[in-house]
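S.K.: Build the 3D model from these lines:
(chains A and B)
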2 protein chains.
Amino acid sequence: MKKKTTIYDIAEKLELTAATVSRALNNNPKISEKTRKLVQETAIEMNYEQNTLARALKSGKSFNVGVIVPRMDSNFFASVIRGIEEELYPKGYHVIVCQTHDQENLETGNIVSLLNAQVDGILMSISNSKTKNKVFNKLSEKRVPLIFFDRKRDIPDVSSVTIDDFNGSYQATKHLIEQGCKRIAHLSNDRSLEIFKNRYLGYKQAIIDSGLEFDESLVVETISKVDEGRRVAKQLLDMETPPDAIFSSSDFTALGAIQEIKEQGLAIPEDISVVGFSNEPFTRFMELSITSVDQSPIEMGRKAAKVFLQEVNSKSKTKQPQRIILQPELIIRKSSSKRIK
Amino acid sequence: MKKKTTIYDIAEKLELTAATVSRALNNNPKISEKTRKLVQETAIEMNYEQNTLARALKSGKSFNVGVIVPRMDSNFFASVIRGIEEELYPKGYHVIVCQTHDQENLETGNIVSLLNAQVDGILMSISNSKTKNKVFNKLSEKRVPLIFFDRKRDIPDVSSVTIDDFNGSYQATKHLIEQGCKRIAHLSNDRSLEIFKNRYLGYKQAIIDSGLEFDESLVVETISKVDEGRRVAKQLLDMETPPDAIFSSSDFTALGAIQEIKEQGLAIPEDISVVGFSNEPFTRFMELSITSVDQSPIEMGRKAAKVFLQEVNSKSKTKQPQRIILQPELIIRKSSSKRIK
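M.R.: Predicted structure coming up:
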């Protein structure tokens, strides 16, 4: 029988100590990325069999962190993930991502899958209001840190990193009012989720504060898709007194609305101004660039990752959840400002 | 001591058989998604402790599949992932994704992480030509199916699903020649990767076949970023005899090139035509819509997932790797056609 490769064989070959080899194989952050890679490749070359199950049982750590997002093809979520990675890679963690496509059954399933994959923590943006709290509580019972970002739920023990959606919406709506708009429609979304509720409330408050009449018929609920934006814009334009501005809770519906408005031969921003939310890259690339609310996603990801690191390294038995709220920034572009050419 | 919840307790509560509960907890595809979800939620509510490590050791299956992509925020990769999910979810698998950002060390690291997470297979698009074959061979030794999609390497035992990049480029270049372009530049990329090599070769062949002179100085290597597109376009426009068309191996560099061309006051397509590659959604959204090569990513993902299912369920000891090649489609838009308004 062929002799099994040990960490001592790898250490000898690379002229490193066995302790360094062991740390490198266990993704210990004390070992440089370069050495870690060299050791891991050599271990594979020398056919070293690491018993990962035994290791997981022993160290209790996989150095994998799970991230759950509604969709990864939105620039917003992709950027948050990027921020998480930037913070966690140098600490020896790998990031694995699941998406839910806003489907309720996938949210619970993804959490179970990530637990099965032995992740050391889960950072997530909730997609569905129906997912049971029990599912989340399970994570804290198992002492697997859970951190919400962007779309959160209020659970006493769970930390979160969000932006001030109310203020972002308030500023966007105020900007439209300052441009002279008087009938501002709002493309809303599932308001059982806090973010969309707060965007709606910020919009409403800005209208009330400015002395304009708040008209509930100008608020339409939709989902964050281009085609949906077209559909509801058509509906709004068909009104007896159509709106002179649209503030959308999503850039994708804002884009659909713009397509519909143009197709009807109306001018943007002269006839109707449009403002989106999230600052997706296409809002900047378009020739008719779209005003939008930036949510500093990279910073959101980095902050969420930092909270995870604090929690996973905490020796304390009692948990002090953190609630970090970032301030959004309104980026004014052509779709709502006659002065920008 | 409190009695531990067993699968019999869950079965009794839900009026199901213990076998059904067990299958549902193990993500057995015979159980409907609805029942699976109900059982998993109830298990969590009743505080049922499933020993996932023991289960993984026993069944040898985690029902998690790993996907590795260079980046998930490109619509192309996001759509491939979507195709994979569409095929695998109904079979009880969950999909977990890692990205490499084209960084060599992350590719090896992600494979190790996914193996640690006990995935049943890995579907990946290679980002780096330096990753050692030993790393990939390790997977087949462990009988963890590996399937390449889009960016592959020729490894005897490994199946792949790709598109005919040569033909896609050939068609795109021929289209530019038919529009009357005579000096067609090519924005290339790392040609140690097959896809970029083939895009370059298809471009070159179309030029030679049409009797135009092939001019190596019109080929510039770049990376798939908007700013890079701007930079190399500037370089090309500064030439003594600048090109009258740019065929880019990436939509992102094509977009950058368009921004630079416009900034210099030149007209597209009148002065310079531009064609990209990948059919990213923004190519369609732009007012000056961009001609691009569609790679049917959803179909690519579905095909790759089907190959995985065949391999993971195969009882045969010898492996017959599959090499599936999809045909791309040229989508002609305003950036290269005077007839489209």
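
S.K.: can we go C-alpha only for contacts and neighbour counts from here?
M.R.: Will do.

S.K.: element containing the nearest residue to A:Ala24 once chain neighbours are set aside?
M.R.: In space, and not counting its chain neighbours, A:Ala24 is closest to A:Arg36: 4.6 Å by Cα to Cα, 6 or more residues apart in numbering or on different chains. Per DSSP states H and E, A:Arg36 falls inside helix A:33-45.

S.K.: just A:Tyr170 next, same as before
M.R.: Assigning secondary structure by DSSP H and E places A:Tyr170 in helix A:165-178.

S.K.: Show the secondary-structure elements that that helix is packed against.
M.R.: When contacts are defined as 3 or more Cα pairs under 8 Å, 6 or more residues apart in numbering or on different chains; DSSP states H and E, helix A:165-178 sits against helix A:194-209, strand A:245-248, strand A:292-294, strand A:329-331.

S.K.: can you rerun that using 10 Å?
M.R.: Other helices and strands packing on helix A:165-178, by 3 or more Cα pairs under 10 Å, 6 or more residues apart in numbering or on different chains; DSSP states H and E, are strand A:184-188, helix A:194-209, strand A:245-248, strand A:273-275, strand A:292-294, strand A:329-331.

S.K.: Need the ones you listed in CSV (columns: mean pLDDT).
M.R.: Below are the helices and strands packed on helix A:165-178 laid out as CSV (pLDDT from 0 to 100):
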stretch, mean pLDDT
strand A:184-188, 98
helix A:194-209, 96
strand A:245-248, 98
strand A:273-275, 98
strand A:292-294, 97
strand A:329-331, 97
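
S.K.: which one of the ones you listed lies closest to A:Ser217?
M.R.: strand A:184-188 (8.4 Å; Cα to Cα).

S.K.: ok and the closest one relative to helix A:165-178, angle-wise?
M.R.: Between the axes of strand A:184-188 and helix A:165-178, defined by axes from the mean of the first three to the mean of the last three Cα atoms, to 10 degrees, the angle is 150 degrees.

S.K.: Dump strand A:184-188 to PDB, restricted to CA.
M.R.: Provided in PDB are the C-alpha atoms of strand A:184-188 (Å, rounded to 0.1, in the frame of the first residue of the first chain):
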ATOM      1  CA  ILE A 184     -45.900  62.900  -8.800                       C
ATOM      2  CA  ALA A 185     -46.700  59.300  -9.200                       C
ATOM      3  CA  HIS A 186     -44.900  56.600  -7.200                       C
ATOM      4  CA  LEU A 187     -44.100  53.100  -8.500                       C
ATOM      5  CA  SER A 188     -44.000  51.200  -5.300                       C
END
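
S.K.: quick one: buried residues of stretch A:191-203?
M.R.: Across stretch A:191-203, burial judged by 16 or more other Cα atoms under 10 Å in any protein chain shown covers A:193-203.

S.K.: Give me the distance between A:Ala172 and chain B.
M.R.: Counting by Cα to the nearest Cα, to the nearest Å, the gap from A:Ala172 to chain B is 23 Å.

S.K.: what do you get for A:Ser125?
M.R.: 16 Å.

S.K.: about what we covered before: I'd like to know which elements the helix holding A:Arg36 is packed against.
M.R.: Using 3+ Cα pairs under 10 Å, 6+ apart as the contact test, the elements touching helix A:33-45 are helix A:7-14, helix A:18-25, helix B:104-116, helix B:133-141.

S.K.: And chain A, is whichever helix or strand comes after the third one touching that?
M.R.: Read it as helix B:104-116. Past helix B:104-116, further along toward the C-terminus, the next helix or strand under DSSP H and E is strand B:122-124. No. Judged by Cα under 10 Å from any Cα of the partner chain, strand B:122-124 and chain A are separated, with a smallest distance of 12.9 Å.

S.K.: And the helices in the stretch 201-341 of chain A, which stretches?
M.R.: A:226-237, A:251-263, A:281-285, A:297-313 (DSSP state H, counting those that start in this stretch).

S.K.: Show me chain A divided up by domain.
M.R.: A:7-50, A:63-162+A:297-325, A:165-295 (the TED database).

S.K.: okay, the angle between the helix holding A:Arg36 and helix B:104-116?
M.R.: Interaxial angle, helix A:33-45 versus helix B:104-116 (the same axes, to 10 degrees): 50 degrees.
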